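Chemist: no letters, just coordinates:
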Ligand SMILES: Nc1ncnc2c1ncn2[C@@H]1O[C@H](COP(=O)(O)OP(=O)(O)OP(=O)(O)O)[C@@H](O)[C@H]1O
Ligand SMILES: [Mg+2]
C-alpha cells in the first residue's frame, strides 16, 4: 500500500492521460473538422456554404486567441485588454505579403505585353503605386522592406507581436504596474496602435487597411471553396497545437508558479521567483499566439483595417473568456466559439426581431446590450462561466472526497488510487 | 560564531512616523532567536526590510560571509540567497494542492525557462513527501491547501520554507491562532529547523518563547530595548513597563 502511494506520482504518464480534458478536446476538434469537411461545399456534400466555412475557420482563430487570453488572464492574472493588438499585428504581417505578391503578379502580367521587358524598378514602382495609390503615395514605406518574402513576413507574424509585447511588458512589469492600471495601459497601447495605423502615412494604407487577402497569389485557379477549407484546416491545426502547448505550459511547475502569481504575487517573490520575468514570458508568448491566430484569421476575413485593433476588440476578447470560464483552457475555447458565433448570428440579421410592448428590439443593435448584460450576470453569479457546468456535471458523477477512502472498511481504495 | 545577518543603524518612516528607529542587531550563523515586543513595535517591518519588501531610509543590512548588502536586491534575489520568510497571516496557494505548494518551494533554479522545462524526478517527489510527513500533512498531500485548517496552513507554510532550504528563516507569529497541541508541534518544527540554520521567530506568546529556549530581543518603538535570555529580559525594568505590564 505504502509502496503504491510512493511510486504512483513518480511514474510520469503522457500529458493527455494526466489531463483527460486535453484528449477530449483534441478528439472533439478532430471530429468537428472532419464533419465540417465532409459537409463542405469544397469537397464534401455541399451542405455548408463557403462563407460559413470561413466563419467557422475564423471562429477557430478566435478560439486560439482566447486561449492566449486565458493563459495571460485566467492563469497568470494579468487582465490584458490589448491582446487583439497582437492579433491585428499578425494579420498585418501576413497581409503585407499577400497584397504585395498578388499585386506583383498583376503588374508583371500587365507589363509582359509591353515591347521592352520591364525593369525591376518599373515593376517595383508599379506595385507601389497600385498599393499606395489610395493614400496618395507611390513609394514603398520602409516597413514593407520584407514584404516580397513570404518566410520573412511569416517571421514577422511572430516577431512583430512578440517584440511589442516584450518591450511593453518589460516597461510595465518592471515598474510593477498591476491590476486596473495595467489593464488601462494595455488599452492605451492598442488605442495608440489603432490611431497610428489610421494615419495615411503609417505605411499600411491608413483606414483602407489591407484588402483582397482571401486571394492567394498564384492560386487564382483554385476556387474559394477549396481555399476556405485549407484555411479552416490550418486554423483547426493551429488551435489543436496551441491547445496542447498551453496545456503543457500550465500542467507543470510553470503552471503552478503563474497561478500562484495570479493569487498572491508578493508571496511568490518571497519564494524566490522573479515574478516580473514570469509575467513577461507569459505576456510575450501569448502575444505570439495571438499573432499566429491573427495571421490565420485575416486571410479568411479578406480585409484588415485599423478598426480591428480598436480597444473594444480586446474588451470583447476578455468578455468571451469570462463567459466561457477563465482559468481552464476549454472554457476559453467554448466562450470564444459560443459568443462569437452567436454574435455573428445576431448581428447578421438572422435573429428574429422582438416586440415587447412599444419596444422594438432589433438584434443588430441590441446584441451588444445583451452581451453586456450576460457579461455582468456571469461576473456576478457564475464566475466560473460556461466551463463551470462541466464541474457540476463531474460532481454529480463522482463527488470530490478530497482523497478520502471510497468505502467502508480499512482496505477500501482511496479516491486517488481509484483514479489511477 | 560568525555573523550571518547584520542590521545596523536602520530607520524607516511611514509618512513621518518612525516605525523603525536606528535599529541595530545581528544574528549569528545557525542561531535561534526570538523577537518580542508590543503591537506596533516594528517587528514585521524589520522582516520587511530584511526581505526587501520595504526600503529603509537609512542604515545598512548585510548578509552572509561576504557581507553582501541586501538593500539593492529584489525580493526574489534575497530569497534566492537563502532568506526565507513566513508571514503573520498564513499565505499558501489555496487553489493548489499541498504537494504543488511544496514542489514550488523546493530549492531549484528559479528562472522562467528552467521552471518551464522542469519535470520532477523521483527524488523530488520523495522530498516533498518527506516534508509533508515532517509537517504532519502526509495524508493531505493531494488536497487543495485551501481546505486545510488554519494550523495546517501555518505548518504548510513552514514546510514550504524548509523546502526552500534557507540559511536564515524569518518567522512571524507562527503560533497565532493555534491550539496548545498545535503550538507544541510548531515549537518542535522550529527547533528542528534551527539545528541546521538560523531562525528568527517573532512571537507574542511568552510560553511559546520560553519553550524555544533561546536568546530574546525585545523591540519597542522601532529599536532594541533589551537583549538576552528570557529570564534576563523579563526582569528588565523598562521591558516590564512597556510590554509585560505590572
Ligand atoms: N506600510 C505602512 N504604512 C504606514 N505605516 C506602517 C506600514 N507598515 C507598518 N506601519 C506602522 O509601523 C508600525 C510598526 O508596524 P509593524 O507591523 O512592524 O508592528 P509589529 O511589531 O509587527 O506589530 P504586531 O505585533 O501588531 O504585528 C505600526 O505602527 C504600523 O502601523
Ligand atoms: Mg507584525
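Modeler: Looks like it came in fine. The structure displayed is predicted, hence computed values, not measured ones. Residues are numbered from 1 along each chain as shown, chains lettered A, B, ... in the order given. Ligands and ions are numbered 1, 2, ... in the order given.
Chemist: so where does the residue in chain A positioned nearest to ligand 1 fall, helix or strand?
Modeler: Closest residue of chain A to ligand 1, Cβ to the nearest ligand atom: residue A:266 (12.7 Å). The way it works is simple: take the backbone N, C-alpha and C, and place the C-beta from them, glycine included. For residue A:266, the element it lies in under DSSP states H and E is helix A:253-270.
Chemist: tell me which residues in that helix are buried?
Modeler: A:253-265, A:267-270 (16 or more other Cβ atoms under 10 Å in any protein chain shown).
Chemist: is it up against chain B anywhere?
Modeler: Yes. Helix A:253-270 reaches chain B (Cβ under 8 Å from any Cβ of the partner chain) through A:253-254, A:256-257, A:259-260, A:263-264, A:266-267, A:269-270.
Chemist: tell me the average confidence for stretch B:186-198?
Modeler: Across stretch B:186-198, the average pLDDT comes to 89.
Chemist: contacts for it?
Modeler: With Cβ atoms under 8 Å, 6 or more residues apart in numbering or on different chains as the contact definition, stretch B:186-198 has outside contacts at B:4-5, B:27-33, B:134-135, B:154-155, B:158, B:161-162, B:166-169, B:171, B:174-175, B:178, B:199, B:201, B:208, B:211-212, B:214.
Chemist: hmm, which of those are the buried ones?
Modeler: Buried, going by 16+ other Cβ under 10 Å: B:4-5, B:27, B:30-33, B:134-135, B:154-155, B:158, B:161-162, B:166-169, B:171, B:174-175, B:178, B:199, B:201, B:208, B:211-212, B:214, out of the contacts of stretch B:186-198.
Chemist: and those near ligand 1, which?
Modeler: Within the set of the buried ones among the contacts of stretch B:186-198, contact with ligand 1 (Cβ under 6 Å from any ligand atom) is found for no member.
Chemist: next one: phi and psi at residue B:7?
Modeler: Per-residue torsions, residue B:7: phi -110, psi 120 (degrees, to the nearest 10).
Chemist: and the gap between the residue lying closest to it once chain neighbours are set aside and residue A:273?
Modeler: Sequence neighbours aside, residue B:61 is the residue nearest to residue B:7 in space, at 5.3 Å (criterion: Cβ to Cβ, 6 or more residues apart in numbering or on different chains). Residue B:61 is 22 Å from residue A:273, where distance means Cβ to Cβ, to the nearest Å.
Chemist: higher neighbour count, these two?
Modeler: Using other Cβ atoms under 10 Å in any protein chain shown, the more surrounded residue of residue B:61 and residue A:273 is residue A:273, with 25 against 22.
Chemist: need phi/psi at residue 113.
Modeler: Assuming you mean chain A. The phi/psi pair for residue A:113 (degrees, to the nearest 10) is phi -80, psi -10.
Chemist: that's the wrong chain, I meant chain B
Modeler: According to degrees, to the nearest 10, residue B:113 has phi -70, psi -40.
Chemist: so what pLDDT did the closest residue to it other than its chain neighbours get?
Modeler: Among residues not flanking residue B:113 along the chain, residue A:281 sits closest, at 7.9 Å (Cβ to Cβ, 6+ apart). Per-residue confidence (pLDDT) for residue A:281: 97.
Chemist: quick check, residue A:281 in contact with residue B:112.
Modeler: Yes. In this structure, residue A:281 is within contact of residue B:112 by Cβ atoms under 8 Å, at 4.6 Å.
Chemist: residue nearest the centroid of chain A?
Modeler: residue A:65 (1.3 Å; Cα atoms, centre = their mean).
Chemist: so what's it up against?
Modeler: Contact analysis of residue A:65 by Cβ under 8 Å, 6+ apart lists A:83-84, A:87, A:289-290, A:293-294, A:317, A:336.
Chemist: so which strand or helix has it?
Modeler: Taking DSSP H and E as the criterion, residue A:65 maps to helix A:50-69.
Chemist: which residues does stretch A:40-52 contact?
Modeler: Residues from elsewhere that reach stretch A:40-52 (Cβ under 8 Å, 6+ apart): A:36-39, A:53, A:56, A:223-226, A:228-229, A:232.
Chemist: now stretch A:38-54: mean pLDDT?
Modeler: Stretch A:38-54 carries an average pLDDT of 91.
Chemist: what's the answer for stretch B:224-236, then?
Modeler: 90.
Chemist: right, and residue A:128 touches residue A:135 too?
Modeler: No. Using Cβ under 8 Å as the test, residue A:128 is too far from residue A:135 to be in contact (11.2 Å).
Chemist: so where do the strands sit in chain B?
Modeler: Assigned by DSSP state E, chain B shows strands spanning B:3-14, B:17-28, B:32-36, B:58-63, B:68-69, B:83-86, B:168-172, B:198-202, B:215-220, B:223-228.
Chemist: next, the angle strand B:17-28 makes with the first one.
Modeler: With axes from the mean of the first three to the mean of the last three Cα atoms, to 10 degrees applied, the angle from strand B:3-14 to strand B:17-28 works out at 180 degrees.
Chemist: compare the strands of chain B and give me the one nearest residue A:149.
Modeler: strand B:68-69 (50.5 Å; Cβ to Cβ).
Chemist: any part of that closest one near chain A?
Modeler: No. Judged by Cβ under 8 Å from any Cβ, strand B:68-69 and chain A are separated, with a smallest distance of 15.5 Å.
Chemist: next SSE after the helix holding residue A:266?
Modeler: Downstream of helix A:253-270, the next assigned helix or strand under DSSP H and E is helix A:275-301.
Chemist: against which helices or strands is that following helix packed?
Modeler: Applying 3 or more Cβ pairs under 8 Å, 6 or more residues apart in numbering or on different chains; DSSP states H and E, one finds that helix A:275-301 makes contact with helix A:50-69, helix A:83-112, helix A:150-174, helix A:224-251, helix A:253-270, helix B:112-117.
Chemist: which parts of the next helix-or-strand element following the second one are buried?
Modeler: Proceeding N to C from helix A:83-112, the next assigned helix or strand is helix A:120-132, under DSSP H and E. Residues of helix A:120-132 classed as buried under the neighbour-count rule (16+ other Cβ under 10 Å) are A:124-128, A:130-132.
Chemist: repeat for stretch A:42-53
Modeler: Quick answer for stretch A:42-53 (16+ other Cβ under 10 Å): A:42, A:44, A:48, A:50, A:52-53.
Chemist: Throw the residues you listed into TSV and include distance to residue A:106, thanks.
Modeler: TSV is the format used below for the buried residues of stretch A:42-53 (distance: Cβ to Cβ, whole Å):
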residue	distance to residue A:106
A:42	25
A:44	32
A:48	31
A:50	23
A:52	29
A:53	26
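Chemist: closest to chain B among these?
Modeler: Nearest to chain B out of those is residue A:53 (Cβ to the nearest Cβ; 36.4 Å).
Chemist: my guess is that closest one contacts residue A:36. True?
Modeler: Yes. If you go by Cβ under 8 Å, residue A:53 and residue A:36 touch, sitting 6.9 Å apart.
Chemist: okay, and the common contacts of those two?
Modeler: In contact with both residue A:53 and residue A:36: residue A:232, using Cβ under 8 Å, 6+ apart.
Chemist: from chain A, how far out is residue B:57?
Modeler: 20 Å (Cβ to the nearest Cβ, to the nearest Å).
Chemist: now do the contacts for the nearest residue to that residue once chain neighbours are set aside.
Modeler: Distances taken as Cβ to Cβ, 6+ apart put residue B:11 closest to residue B:57, at 5.4 Å, once the chain neighbours are dropped. Contact partners of residue B:11, counting by Cβ under 8 Å, 6+ apart, are B:18, B:20-23, B:56-59, B:222.
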